[in-house]
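Peer 1: for reference, the sequence and a predicted model appear below.
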Amino acid sequence: MDRLEAWFPYPGFRPNQREMLEFAAETAREGGIAMIDAPTGSGKSSVVSALLAESNGRKVIVAVRTISQLSTFIRELALVRKVQPALTFSYLVGKGSMCPLGGEGDPYRRCEGVKAFSSSLMRERAQKGSLVPTEDRVINEQIRKMDREHPLLCPYFIKSRVFVRGEEESGLRMAPSQTLRTRADRVKKEAIAPEDLAGFCNGLCPYETMMQAARGADVLVCNFHHLFNDEIRDQLYASLDVEPKDVLLLIDEAHNCGDVVTGIQSVVLEDRTLEAAMTELSHLSRSMKDVNAVRQVLPNVAAFMEALQRSQKGEDWFDPEQFHRMAVRGTLYKGLEEIVGDLSKIAERVSEKNKSAGIYKESAVESLTEFMYRVYRAGSDMTFLPLYRSAEGHVELEVRNIDPGEKMQAIGKAHAACVLISGTLSPLSAYQKYYFGDLPVRTISLPNSFPRENRLVVCAKDVTTAYRMRQNKKNTDAIVGYIKTFARVRGNLAVYFPSYQILNTYAQACGSRINGKAVYTEPREASEATAALQEFISLPERGKAGIIFAVCGGKWSEGLDYRGEMLRGAMVVGLPLAPYNSVRKMTIEYYVHKFGRDGEFISYTLPAINRALQALGRVLRTPEDTGVLVLAEERFLEPGVRVGLPPWMQDEAEICDLDRFSRLVMKWS
Ligand code: SF4
């Protein structure tokens with residue numbers, strides 16, 4: 001048995017799986033960056049086995065985007081442990097879901113605040129001889145009297161710590177309590193599901209318990225924010241006492257990295273935040289020179305926003321130089337840099353004051369400071385694009401990061417090995433360029449391993465949702481014809497549209513029932529969407545079938561796993577491009593400048609193709625599933641778009657008009 005087989009928990013490899021795992025193992029051995037495009041059913045989660053087989057004592061960190069992906073890896077690692085009983089693993093989800101302490105505000109900031117207060121009180125009591133904080137009368141009394149809405153102490157953290165005397169007579173060291181260590185040891189050896197964690201921790205902080213477990217564990221599964229937020233990652237690695245160069249990193253659903261990385265670096269300033277900042281500053285001492293100076297700037301920013309409110313455009317770019325000139329007009333400042341400097345000092349004072357009152361919400365002055373700093377940077381850094389949105393009498397400014405490349409390259413270079421996997425990383429060359437520029441990256445693209453006869457892939461050559469054809473009745477009727485024909489496929493079906501507006505057009509044209517199937521339209525509200533989806537997926541077990549109308553990239557299109565009878569077909573109507581406006585134009589120009597001819601494809605077409613593939617990817621989840629996948633848009637046949645489809649889909653797609661589609665559906669059904 002070779003090393004890989006020794007860590008592989010299944011009786012046999014799926015088609016092409018061994019090749020994929022050997023590729024990952026080689027990357028772990030030799031170092032560097034690797035990208036794997038592997039359709040559903042390839043057994044992607046077993047890549048963790050390949051990394052473990054070559055870890056040689058290095059820690060494996062798996063970054064996932066959702067709880068369901070986290071659970072998939074926990075299940076996979078529990079199986080690996082059956083063949084490698086010494087394997088230990090732990091996981092971390094965000095403090096937002098793990099922290100049981102109540103109160104408002106950012107959970108990370110709240111945690112930092114209450115841990116600082118708790119530590120200082122515990123140390124004070126330890127110096128008086130009380131080494132076990134949970135047994136200390138004063139600490140318990142203070143916890144009892146604490147305002148639960150504005151906590152200053154964390155009982156869960158206090159339970160997880162004790163003090164031990166150091167070598168020196170006076171030295172006291174805070175250490176993990178025995179209760180915490182015992183629980184953490186169990187976590188490493190048992191697979192505790194995220195939903196059972198709070199009960200399992202029994203009054204201990206779940207985050208601290210998992211972190212304690214993670215320190216000695218072979219594998220840590222965490223979420224994207226732990227990896228892509230620099231501050232959180234630095235804290236995490238410091239707590240784990242590891243350096244990235246000693247970590248084998250696995251990033252799941254890697255097609256999402258770009259959006260997550262740019263989202264983390266983007267900042268928004270709403271008009272109401274500016275008003276709140278004015279109020280906060282008015283409560284600070286007027287005798288402070290910097291407060292008075294900054295107070296002169298805010299009306300200028302408000303006037304800048306007011307002027308934009310009159311704009312006819314919903315979203316547009318603004319010139320950071322113009323913002324700069326307007327902000328300093330009539331004030332004591334010469335430039336934004338000085339304003340940012342003063343604001344930073346004030347923001348720090350406000351934050352300290354709030355923390356001491358148990359208020360952990362980011363103050364408006366802090367948000368303003370962050371925003372001003374980003375606008376200042378946008379003046380010289382083209383990866384930050386300043387823009388505004390105006391709607392219903394409100395305006396908000398945003399400095400949007402449009403390029404994840406620098407962060408992705410830094411992460412890729414820093415780790416011993418970095419393996420990115422996804423079912424939709426097609427075409428790999430485009431994602432490679434987008435994330436890693438000229439860095440050397442090894443890539444592998446796997447064919448679809450599910451039986452070909454279980455699917456029908458169709459691409460229409462005679463319909464489009466391109467803007468020039470939106471009012472064309474013949475085209476609209478033909479799309480309705482495709483939807484009605486598609487509805488003849490047996491079982492539950494989904495039709496995805498590029499936008500709510502286009503969805504509504506076709507929902508009206510098709511009516512509330514098509515071919516006897518009830519139509520479920522994706523609601524904008526998340527709670528309504530969940531209830532409607534539950535009803536839809538339960539139809540087959542009641543002998544019924546329905547059809548959902550949803551938006552590509554929306555609540556019903558990504559991350560959902562409709563197995564077997566839950567979904568027998570998906571159709572994507574149109575190419576789900578983001579709306580074309582001046583912001584989009586500038587983003588495309590930035591990428592054309594960076595990558596030449598490929599720039600437009602990477603920044604504009606690629607995300608649209610990915611949204612379409614994600615939507616179609618809901619259907620065939622197991623080798624036994626059968627289904628029909630339809631691209632109802634002629635632009636998918638253009639060479640510049642078609643190249644973005646996975647090779648197996650390009651090979652298999654039946655190119656048809658409505659008549660042929662009708663015959664294919666009849667034959668399939
Ligand atoms: S220590 Fe744990 S329980 Fe306490 S605030 Fe932090 S995350 Fe929450």
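Peer 2: Nice, thanks for sending it over.

Peer 1: which phi and psi values does Arg584 adopt?
Peer 2: Backbone torsions for Arg584, taken as degrees, to the nearest 10, come to phi -60, psi -40.

Peer 1: isn't it up against Thr605?
Peer 2: No. Under the criterion of CB atoms under 8 Å, Arg584 is not in contact with Thr605, lying 11.8 Å apart. C-betas here are computed from N, CA, C, even on glycine.

Peer 1: looking at the two, which has the bigger crowd around it?
Peer 2: Thr605 (20 against 15; other CB atoms under 10 Å).

Peer 1: contacts only, for that one.
Peer 2: Taking CB atoms under 8 Å, 6 or more residues apart in numbering as the criterion, Thr605 is in contact with Leu575, Leu577, Gly640, Val641, Gly644.

Peer 1: in JSON lines, list the residues you listed along with secondary structure, neighbour count and distance to Pro623.
Peer 2: Conversion of the contacts of Thr605 to JSON lines gives the following (DSSP: H, G, I helix; E, B strand; the rest coil; neighbours: other CB atoms under 10 Å; distance: CB to CB, whole Å):
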{"residue": "Leu575", "secondary structure": "coil", "neighbour count": "22", "distance to Pro623": "30"}
{"residue": "Leu577", "secondary structure": "coil", "neighbour count": "20", "distance to Pro623": "33"}
{"residue": "Gly640", "secondary structure": "helix", "neighbour count": "11", "distance to Pro623": "33"}
{"residue": "Val641", "secondary structure": "helix", "neighbour count": "20", "distance to Pro623": "29"}
{"residue": "Gly644", "secondary structure": "coil", "neighbour count": "21", "distance to Pro623": "26"}
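
Peer 1: where does the protein have low pLDDT?
Peer 2: Scanning the chain with the threshold set as pLDDT under 70 gives 1, 167-170, 286-287, 559-560.

Peer 1: the ligand contacts on that one?
Peer 2: Where the chain comes near the ligand, counting by CB under 6 Å from any ligand atom, the residues are 95, 99-101, 110-111, 114-115, 154, 156-157, 205, 207-208.

Peer 1: among these, which are in helices?
Peer 2: Lys95, Arg110, Cys111, Val114, Lys115, Tyr156, Phe157, Tyr207, Glu208 (DSSP state H).

Peer 1: among these, which ones are buried?
Peer 2: Among these, those classed as buried by neighbour count (16 or more other CB atoms under 10 Å) are Lys95, Arg110, Cys111, Val114, Lys115, Tyr156, Phe157, Tyr207, Glu208.

Peer 1: need the max-distance pair from the ones in helices among the residues of the chain next to the ligand.
Peer 2: The largest separation in those, counting by CB to CB, is between Arg110 and Glu208 at 14.3 Å.

Peer 1: now the residue of the stretch 251-400 of the chain found nearest the ligand: how far from Pro155?
Peer 2: Using CB to the nearest ligand atom, the single residue of the stretch 251-400 of the chain nearest to the ligand is Tyr360, 9.4 Å away. Note on Tyr360: its distance to Pro155, by CB to CB, to the nearest Å, is 16 Å.

Peer 1: and for Leu274?
Peer 2: Between Leu274 and Pro155 the computed distance is 38 Å (CB to CB).

Peer 1: try Met666
Peer 2: Relative to Pro155, Met666 is positioned 66 Å away (criterion: CB to CB).

Peer 1: okay, these two: which has more neighbours?
Peer 2: Each of Met666 and Pro155 had its neighbours counted (other CB under 10 Å), and the higher figure belongs to Pro155 (23 against 11).

Peer 1: which non-adjacent residue is nearest that one?
Peer 2: Ile143 (5.1 Å; CB to CB, 6 or more residues apart in numbering).

Peer 1: in the helix or strand where the one you found lies, which residues are buried?
Peer 2: Assigning secondary structure by DSSP states H and E places Ile143 in helix 137-145. Neighbour-count burial for helix 137-145, counted by 16+ other CB under 10 Å, picks out Ile139, Gln142, Ile143.

Peer 1: mark out where each domain of the protein begins and ends.
Peer 2: Domain segmentation of the chain under automatic domain parsing yields 3-87+218-262+416-445, 98-180, 267-401, 452-668.

Peer 1: I'd like these laid out as a markdown table, including distance to Leu197.
Peer 2: A markdown table is the format used below for the domains of the chain (distance: least, CB to CB, whole Å):
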| stretch | distance to Leu197 |
| --- | --- |
| domain 3-87+218-262+416-445 | 11 |
| domain 98-180 | 7 |
| domain 267-401 | 22 |
| domain 452-668 | 21 |
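
Peer 1: circling back to that earlier point, surely the residue nearest to Pro155 meets Tyr156?
Peer 2: No. If you go by CB under 8 Å, Ile143 and Tyr156 don't touch, sitting 10.4 Å apart.

Peer 1: Glu352 and Ile359, how far apart?
Peer 2: As for Glu352, its distance to Ile359 is 11 Å (criterion: CB to CB).

Peer 1: which one's more surrounded, those two?
Peer 2: A count of neighbours by other CB under 10 Å puts Ile359 above the other of Glu352 and Ile359, at 19 against 10.

Peer 1: quick one, what contacts that one?
Peer 2: When contacts are counted by CB under 8 Å, 6+ apart, Ile359 touches Glu104, Gly105, His150.

Peer 1: which one of those residues sits closest to the ligand?
Peer 2: Using CB to the nearest ligand atom, Gly105 is the member of the contacts of Ile359 that sits closest to the ligand, with 11.0 Å.

Peer 1: any chance you could map the helices in the stretch 251-400 of the chain?
Peer 2: Counting by DSSP state H, counting those that start in this stretch, the stretch 251-400 of the chain forms helices over residues 257-265, 271-282, 289-309, 320-328, 336-356, 364-378, given from the N-terminal end onward.

Peer 1: show me what counts as buried in stretch 282-301.
Peer 2: Under 16+ other CB under 10 Å, the buried positions of stretch 282-301 are Leu284, Met288, Asp290, Val291, Ala293, Val294, Arg295, Gln296, Val297, Leu298, Asn300, Val301.
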